[in-house]
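**Q** Take this sequence and fold it.
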Amino acid sequence: MEFKIEKLENYALIHVLEEKLDTHIAPTLKSELVLISGNGEKNIVLDLSKCRYCDSSGLSAILVANRLCKNANGTFVLTGLNDAVERLITISQLDTVLNITTSIEEAIALIHRNN
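**A** Just a heads-up that it's a prediction; the model follows:
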């Protein structure tokens, strides 16, 4: 199983259960994100705490989630980044575009503040 998806009160929490968010996983994640958004969910928390590696296709999936939430006037939050993934996001200058927190609790608090 690649993901664990929890639909909660006013957001969906997606745990990536793979160590690599790459070309093998990213297309499936994108599909899940589109389905979740299509079902009316506008707030998404993406937990990457088990993820040790991310490539450009993984970044693309993250940006899809961000765009879907933005288009729905919702909030997308990325959490649980390890050093390598965080460095990639910083190098890509996505840290200025994305909401990033260090814990799921912080992510939930951010969603509650924005709604």
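**Q** residues near the closest residue to N82 other than its chain neighbours, how many?
**A** In space, and not counting its chain neighbours, N82 is closest to R52: 5.8 Å by Cβ to Cβ, 6 or more residues apart in numbering. Bear in mind the C-beta positions are built from the backbone N, C-alpha and C, glycine included. By the criterion of other Cβ atoms under 10 Å, R52 has 14 neighbours.
**Q** S60 now?
**A** 14.
**Q** list the buried ones in whichever strand or helix holds it?
**A** Taking DSSP states H and E as the definition, S60 sits inside helix 56-71. Buried positions in helix 56-71, judged by neighbour count with 16 or more other Cβ atoms under 10 Å: S57, G58, L59, A61, I62, L63, V64, A65, N66, L68, C69.
**Q** which SS class is the residue sitting nearest the centre point of the chain?
**A** For the chain, the residue nearest the mean C-alpha position is L46 (3.0 Å; Cα atoms, centre = their mean). At L46, secondary structure determined by DSSP: H, G, I helix; E, B strand; the rest coil is strand.
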